[in-house]
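Trainee: When you get a sec, could you give me coordinates for this:
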Amino acid sequence: MASGKKKKASSSSSSSSKSATHSAGGKGEKKSSNTEVHAASETNSGGAIQLPRKEGDLFNDALIAYEHRKFKDALHAIEKILKKFPNHGETLCMKGLIVRHCELKPNETEEERKKKAHEFVSQGVKNNIFSHVCWHVYGLLHKADRNYKEASKCYSQALKIDPNNFLVVRDLAQAHLMLREMDEYVDARRKLFELKMGQPGSSDRANQIVIGLFMSEKWEECLEMLNEFEKFDTMDRTRRNGELLAKKKEIPEPTYEDTFQESEILLFRAVVLEKMGKVDECVELLEKNEKKIVDDAARLTQLCRLKIAKGDATAAREIAENDLVNRMPDNEKYHELMHKSMNTKVSLMEPPMKRSEEDIAKLKTLYDALQKKHAKSSVCKRYPLQIVNDSSEFESLLAEYIQKPLRKGVPSLFADISSLYGGIHDEEKSIGKVLKAAADSLKKSGKFPSSSDNKDDVLEAKPKETHRYALNLLAMHYAKIGKIDEALKCIDEAIEAKDENDGDNDGEQEKVLEFHLNKSRFLKRAGDLEGAYEESEIARNMDLADRYINSVSVKRAFQCGKFREAERLGTLFTRDAENYKTNLFDMQCNWYAYEAGHSHEKFEKNTGRALKYYREIRTHCEQIIEDQIDFHRYCVNVKRTLRSFMDTLKMCDDIYASAWFKKAARRAILICVDMHDDPLEAKKERVEAKLSKLDQEERKKERQKTRKEEEKKEKEVESFEKLLADDLKRARETKAKRTGKPVSGENSSNTTTTNNNKDSNNSSAIEKEYLEEKYGAKAFAQASKDPMEEALSFMNPLLMSAKNDEDVNVQSLVFLVHFKRQKWVLATKALRKMAKCAPKNPLTHRCVDSLSRAIESIENEIEKQVVQSTISSLNVDKVNVQCKTLVDAAHLSVMKNNFEKALLGAVDPRKTSWKECRDALEVFERAGNATFYEQFHKACTSAFPSKSNKSKEHPSVISAAFARVGVEDSVRSAPFL
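Mentor: Numbering: from 1, shown residues only. The predicted structure is shown next:
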């Protein structure tokens, strides 16, 4: 997705200009006399006058400049009008809209600019409340703020004044689409369709109605509207052909684009018919229009699915096997359709399951034929491993399957066979036996054990290289089943082994690189984050031009607390760009933002900077949702790819249920709750109270110690920024030498001497502001003003996705925010959802317990009755608590105030991960129970000891996996998350 910064200021800027021109005066007006101007000036107090021709022309020039994003020129023209007519409503509104899109001035914040823009527009609306232009511009301003609810209200108000304004209705429809108010969207689109019925573009306007009806699941009306679309599309095509015939005296042949558009509409009609349950009509449509449909794979896939639904298994299998699988034998979806037509289910994403002998015989016969037909297809060779019940036969197939990838050194081999784990075949006795036998045989004899490819006992071409890859595969197997020590022994043996037959050092380094990456993963799983980072650095230094390996090293550095080194590494692939300061943000890299935020929160205790990164993830999601406006016209009107556009809308609906956003929202909400419970002023008072108990000499030492720590941090920041600047300079110089072009961003000495003094103060102010924003000072200051308002900005998006209604962790966050805000009715609503989706979860019981204890503090009697009735209706006391994870057991221990001894036994590296242990440890930390925390922390550190040699030399760094998230002396009231 493109970044929001690169988009236009408003996709409806032209609508504001045309709508405003209609009312504000323009070139078509008669010339006004001086008397008229004077009279207009006298009656200007209301702000509802029509501008004279001169000012009207200026207004039009401002609109044109605004459309072309020349905001300074637009603002200059608007200021000229306001000098003569300072209260003119429409001009004030346009000034506010232009100010909203102007660049920030030095020492000006985004919030200040928004506030200023809203003041101008609201004043303009007050001065001319009966102008549809003012209300339209007010709606555009809300749209720029992504406040589509208020924007739709303003558009509706504009339509009360000018009911048939095409541009306002169009913007209103767009706002309803963004809010997913599909009935209102359809009504607005119908009005647009009726306003310009029969005119050019009627087919496109009909298409927009089709989208709304499809999203509303009104299939009958959707089909009727598709018929209307085809009628008007024929009219539009006839009109175009007539114009071409009049100009060129001939009608051109339909282009590929015309054929593609017709094909997409036919496929969309087939989807609607399938939704309606009209299977026969849908099959007839797909078979009849075979030559018209360009996307034949989509047509055959749907046709096969419909044949299965009809019960015509023979025809479905013929389509799947002869048309789809033959077309693309490595497409797993085509294979699954073929299995469905045979009334069986086989998936490469699921573990092998027990099957009947009849099914096994059918599938084996099928894949024997497919392997002969598609000898190079890896999927056709992979499926038999999912089919067989007999372990010895499975082992034979697996031994044969891994040979070719091991010879070639395919890195993704283990990812391919990882779905075999957890099935009917024993992980140790079957899978592990095969992998160990292959590694041992290659080590002893230089060949694979008794295989069909090796009947003549011929040695492998590169036995030691193949042996190293076999050891790598065996190490990944041990890591999968939780034997990290054995995995590290195998990977170390693979790293240390040398290929005597291969003298190419570069090739050898490339192979070792993969082994170091795998060792880094094993150490990370073991909780040795420092060792994992060191191994990833070894791999990165082997190939400095590989962005992926650099990203792995950045992530490992963040996880072990080396955030400055991680940021430096993160700029290696962005520093030679002209906008290097915002490059990582523009790339919408969510994993980087989350890892950076969590690292600063956990290790630096810089909650402001953590919030800044969590806000970036929220901004990325908002920008992706807003980008659908750009795809709207392209998909619906230009390409008519309605199926793809529907997929885009569904993706946008669920984007706030994505893992990255939910993790970022949770961390941000917990930070805001801590700010609410323990404000900055209270922390300062505690520090002063602590100092007041000391004598004067000790107090002086403590203050000096604090001051030295602050100075040390400032020096670290300065040296780090200087290091980044030096790296940037070297990178630009290297790029200039490589490309032969002058270094961007640097001016020659001859042209910069005159303005140095003038620009130095401005540049230093900008740099200071940039550093304040980068290091979280701005985010912390904004969140400190109203922490719960900041928490709401993360919580409200979570409520926009229906998937989150069934997530107990999300609903617990919603409950927490409303609980802290003392919005008791909303808290009970979240609690009901928790009880519905997870009635046995200890977290649900803790929330009920917290609300029960808060009943006495509720002042409003009606709210108190609602809370009491909710708690009594849930009957959680009668529901048995069920612990599925370590985190659940930790919640149960806190709720009962009794440390579950089973928790200590559950901390097993083979059964659980260090991340789950860390999350359970945070439950005790947030509960403020030091005894439980120390007990569990001791169990975690003993279960995940140091694995790497370098980490053993510095055992203190291993605690990075289980370091405290918050400050030790932090105060939390009513904590339950």
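Trainee: going forward, measure contacts and count neighbours with C-alpha atoms only.
Mentor: Will do.
Trainee: separation between Ser430 and Lys480?
Mentor: Shown here: Ser430 relative to Lys480, a distance of 14 Å by Cα to Cα, to the nearest Å.
Trainee: what does Asp888 give?
Mentor: Per Cα to Cα, Asp888 is found 24 Å from Lys480.
Trainee: Break down the stretch 601-750 of the chain into its helices, ranges please.
Mentor: In order along the chain, the stretch 601-750 of the chain carries the following helices (DSSP state H, counting those that start in this stretch): 607-633, 642-653, 659-677, 680-692, 696-739, 749-752.
Trainee: For Arg180, find the nearest of those.
Mentor: With Cα to Cα as the criterion, Arg180 lies closest to helix 642-653 of these, at 8.8 Å.
Trainee: ok now that closest one, how far from the chain's centre?
Mentor: Taking Cα atoms, centre = their mean, to the nearest Å, one finds helix 642-653 lying 16 Å from the centre of the chain it belongs to.
Trainee: Any buried residues in it, and which?
Mentor: Of all the residues in helix 642-653, those buried under the rule 16 or more other Cα atoms under 10 Å are Leu642, Arg643, Phe645, Met646, Thr648, Leu649, Cys652, Asp653.
Trainee: ok, the residue nearest to the third one when sequence neighbours are not counted - contacts?
Mentor: Once its chain neighbours are removed from consideration, Phe645 has its nearest residue in Cys635; the separation is 6.2 Å (Cα to Cα, 6 or more residues apart in numbering). Applying Cα atoms under 8 Å, 6 or more residues apart in numbering to Cys635 gives the contacts Thr641, Leu642, Ser644, Phe645.
Trainee: With respect to Gln371, which of the helices of the stretch 601-750 of the chain lies nearest?
Mentor: Put simply, out of the helices of the stretch 601-750 of the chain the one that sits nearest Gln371 is helix 642-653, at 33.9 Å, with distance taken as Cα to Cα.
Trainee: Show me what the closest one is packed against.
Mentor: helix 256-276, helix 607-633 (3 or more Cα pairs under 8 Å, 6 or more residues apart in numbering; DSSP states H and E).
Trainee: By mean pLDDT, show me the worst of those helices.
Mentor: Confidence, taken as mean pLDDT, is least for helix 607-633 of those (a mean of 88).
Trainee: residues in contact with the helix or strand containing Ser793?
Mentor: Mapping Ser793 onto the secondary structure by DSSP states H and E places it in helix 787-798. The contact list for helix 787-798 (Cα under 8 Å, 6+ apart) reads 618, 656-657, 662, 665, 668-669, 672-673, 675-676, 783, 804, 810, 813-814, 817, 820-821.
Trainee: Then stretch 373-386?
Mentor: In this structure, residues lying in contact with stretch 373-386 by Cα under 8 Å, 6+ apart are 329-332, 346-348, 351-353, 363-364, 367, 370-371, 394, 397-398, 401, 420.
Trainee: Could you measure from Lys705 over to Arg699?
Mentor: When distance is defined by Cα to Cα, Lys705 is 10 Å away from Arg699.
Trainee: Looking at these two, which is more packed in?
Mentor: The residue with more neighbours, out of Lys705 and Arg699, is Arg699; 16 against 12, by other Cα atoms under 10 Å.
Trainee: Pull the contacting residues for that one.
Mentor: Under the contact definition (Cα under 8 Å, 6+ apart), the residues listed for Arg699 are Leu691, Ser692.
Trainee: Can you give me the pLDDT of it?
Mentor: pLDDT recorded at Arg699 is 79.
Trainee: What's the separation between it and Lys693?
Mentor: Distance, Arg699 to Lys693, by Cα to Cα: 9 Å.
Trainee: Tell me which helix or strand in the protein has the weakest average pLDDT.
Mentor: The least trusted helix or strand in the chain, going by mean pLDDT, DSSP states H and E, turns out to be helix 34-42, with a mean of 34.
Trainee: Next SSE downstream of that one?
Mentor: Next in sequence after helix 34-42, counting helices and strands by DSSP H and E, comes helix 53-67.
Trainee: May I see the buried residues of that next one?
Mentor: By neighbour count, and taking 16+ other Cα under 10 Å as the criterion, the buried residues in helix 53-67 are 53, 55-67.
Trainee: Could you export the residues you listed as a markdown table, including distance to Glu709 and pLDDT?
Mentor: A markdown table is the format used below for the buried residues of helix 53-67 (distance: Cα to Cα, whole Å; pLDDT from 0 to 100):
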| residue | distance to Glu709 | pLDDT |
| --- | --- | --- |
| Arg53 | 66 | 90 |
| Glu55 | 61 | 89 |
| Gly56 | 62 | 90 |
| Asp57 | 62 | 92 |
| Leu58 | 58 | 92 |
| Phe59 | 57 | 92 |
| Asn60 | 59 | 92 |
| Asp61 | 57 | 92 |
| Ala62 | 53 | 92 |
| Leu63 | 54 | 91 |
| Ile64 | 55 | 92 |
| Ala65 | 52 | 92 |
| Tyr66 | 50 | 91 |
| Glu67 | 52 | 89 |
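Trainee: Now distance to Leu826 too, for those, in TSV please.
Mentor: Compiled in TSV, the buried residues of helix 53-67 are given as follows (distance: Cα to Cα, whole Å):
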residue	distance to Leu826
Arg53	56
Glu55	52
Gly56	51
Asp57	53
Leu58	51
Phe59	48
Asn60	49
Asp61	50
Ala62	47
Leu63	45
Ile64	47
Ala65	47
Tyr66	43
Glu67	43
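Trainee: Could you single out the nearest of those residues to Ala117?
Mentor: Tyr66 (14.8 Å).
Trainee: Now that closest one. Nearest residue, chain neighbours left out?
Mentor: Of all residues not flanking Tyr66 in the chain, Ala74 sits nearest, at 5.7 Å (Cα to Cα, 6+ apart).
Trainee: again, but for Lys408
Mentor: Counting by Cα to Cα, 6+ apart, Lys408 lies nearest to Thr466, which is 7.9 Å off, once chain neighbours are set aside.
Trainee: what's the host helix or strand of Ala539 packed up against?
Mentor: Element membership of Ala539, judged by DSSP H and E, is helix 529-542. Secondary structure elements in contact with helix 529-542, counted by 3+ Cα pairs under 8 Å, 6+ apart, are helix 505-525, helix 547-559, helix 949-953.
Trainee: what distance separates that helix from the centre of its chain?
Mentor: Between the centre of helix 529-542 and the centre of its chain there are 27 Å (Cα atoms, centre = their mean).
Trainee: what does stretch 59-69 give?
Mentor: Taking Cα atoms, centre = their mean, one finds stretch 59-69 lying 35 Å from the centre of the chain it belongs to.
Trainee: Could you tell me the least trusted of the helices of the stretch 601-750 of the chain?
Mentor: In terms of average pLDDT, helix 749-752 trails the rest of the helices of the stretch 601-750 of the chain, at a mean of 40.
Trainee: how close does the closest residue to Asp295 other than its chain neighbours get to Asn606?
Mentor: In space, Asp295 comes closest to Ser263 once its chain neighbours are excluded; the distance is 7.4 Å by Cα to Cα, 6+ apart. Summarising the geometry, the distance separating Ser263 from Asn606, computed by Cα to Cα, is 55 Å.
Trainee: again with His132
Mentor: Distance check for His132 against Asn606: by Cα to Cα, it reads 48 Å.
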